[in-house]
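A.B. asks: What shape does this take:
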Amino acid sequence: MKITTKSALAAIPLLMSSTFASAVLVDSELSLVIDVSGSVSSSEYNLMMDGYANAFRDSTVQNNILNGGTNGAIAVNAIFFASSAYTTSLDSYTLLNSAASINAFADILDNFTRPGSGGTVISSGMNKSLATLLGDNGFESTNLIMDVSGDGTSSVSPTQAARDAAQVAGVTVNGITIGSSSINTFYNNNVITSNGFSIHATDFADFENGVKQKLRIETQNPNQIPEPASLALVVMGLVTIAGLRRRGGAR
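C.D. replies: Next up is the predicted model:
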């Protein structure tokens, strides 16, 4: 587990690697896991990426990143998946520690070429995301978040296994689903961790509203994230959603 391992290294200086010692401290490491399967059309992909980009341009999100934590910075990457996870330049984490760096990352998302298409295997994206969160990615945080988006379901057993692996490793998995409310039910039951939450956008046009509110929550100081009942009221008030479910306690 990343947190346990790194805490142990911090407690035993003689075992601290030079890589760990040089890691950049951030308030959170955030991995965006994005569905690009065949059910997502080209126009819908553009709406998704525009939604992510505009969410990072949101003034509340930027203020949370720059002023809401101890370090005034987060590290973020993006993993794209369909039948399998793709390898792209966004696998590597980007440091967001200024308005300029946040806006530059938003511009990259806004113009990022779709890496492929195919079936829907959510676990492939989750497993790759987990490897990047737990691996030597150049950053260090005790707040590790996997943010899975999609408009479909996949086999239950491997999806649950990916979720369980993330939970054991101390990674919070949140979800944002698009389309049928049954997809949100699938994410609640199989994708998000017990301390995670999900937001449901009724369609791709509504995705931007959902992901903006999602990032507002995820970029808050972990100690200030509202309890489940309060969280539901906040999201219901600010986003047009078909379903929201918070599982377990606050992160």
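A.B. asks: and residue 108, what element?
C.D. replies: In this structure, residue 108 is located in helix 99-110 according to DSSP states H and E.
A.B. asks: What residues of that helix count as buried?
C.D. replies: 102, 105-106, 108-110 (16 or more other Cβ atoms under 10 Å). (Each C-beta comes from the backbone N, C-alpha and C, glycine too.)
A.B. asks: contacts for that helix?
C.D. replies: Helix 99-110 has contacts (Cβ atoms under 8 Å, 6 or more residues apart in numbering) with 49-50, 52-54, 56-57, 61-62, 65-66, 76, 78, 90, 94-96.
A.B. asks: Now, these that are in strands?
C.D. replies: 76, 78, 94-96 (DSSP state E).
A.B. asks: Could you point out which of the residues you listed is nearest to residue 42?
C.D. replies: When the ones in strands among the contacts of helix 99-110 are compared for distance to residue 42 (Cβ to Cβ), residue 78 wins out at 17.8 Å.
A.B. asks: Phi, psi for the residue nearest to the spatial centre of the chain please.
C.D. replies: For the chain, the residue nearest the mean C-alpha position is residue 147 (2.1 Å; Cα atoms, centre = their mean). For residue 147, the backbone dihedrals (degrees, to the nearest 10) come out as phi -120, psi 100.
A.B. asks: Quick check: pLDDT value at it.
C.D. replies: pLDDT for residue 147: 97.
A.B. asks: next one: residue 221
C.D. replies: 77.
A.B. asks: Now do the contacts for it.
C.D. replies: 27, 64, 68-69.
A.B. asks: Quick check on the ones in strands among the contacts of helix 99-110: which are buried?
C.D. replies: 76, 78, 94, 96.
A.B. asks: ok, so of those residues, who is nearest residue 163?
C.D. replies: Nearest member of these to residue 163, counting by Cβ to Cβ, is residue 78, at 19.3 Å.
A.B. asks: Beta-bridge partners for that closest one, please?
C.D. replies: Beta-bridge partners for residue 78, by DSSP bridges, are residue 32.
A.B. asks: Now flag whichever of the contacts of residue 221 is closest to residue 211.
C.D. replies: Set against residue 211, the nearest of those by Cβ to Cβ is residue 64 (14.2 Å).
A.B. asks: And the closest one, how far from residue 162?
C.D. replies: Here residue 64 is placed at a distance of 27 Å from residue 162 (Cβ to Cβ, to the nearest Å).
A.B. asks: neighbour-wise, which of those two wins?
C.D. replies: The residue with more neighbours, out of residue 64 and residue 162, is residue 162; 27 against 22, by other Cβ atoms under 10 Å.
A.B. asks: Run through the neighbouring helices and strands of the host helix or strand of that one.
C.D. replies: Applying DSSP H and E as the criterion places residue 162 in helix 156-168. Counting contacts by 3 or more Cβ pairs under 8 Å, 6 or more residues apart in numbering; DSSP states H and E, helix 156-168 is packed against helix 122-134, strand 171-178, helix 181-190.
A.B. asks: angle of the last one against helix 156-168?
C.D. replies: In this case it means helix 181-190. 50 degrees (axes from the mean of the first three to the mean of the last three Cα atoms, to 10 degrees).
A.B. asks: Restricting to C-alpha, output helix 181-190 in PDB.
C.D. replies: Only the C-alpha atoms of helix 181-190 are listed here, as PDB (Å, rounded to 0.1, in the frame of the first residue of the first chain):
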ATOM      1  CA  SER A 181     -29.700   5.700 -14.100                       C
ATOM      2  CA  SER A 182     -28.900   1.900 -14.100                       C
ATOM      3  CA  ILE A 183     -25.300   2.800 -15.000                       C
ATOM      4  CA  ASN A 184     -25.100   4.900 -11.800                       C
ATOM      5  CA  THR A 185     -26.500   2.000  -9.800                       C
ATOM      6  CA  PHE A 186     -23.800  -0.200 -11.300                       C
ATOM      7  CA  TYR A 187     -21.100   2.300 -10.300                       C
ATOM      8  CA  ASN A 188     -22.500   2.500  -6.800                       C
ATOM      9  CA  ASN A 189     -22.400  -1.200  -6.400                       C
ATOM     10  CA  ASN A 190     -19.200  -2.100  -8.200                       C
END
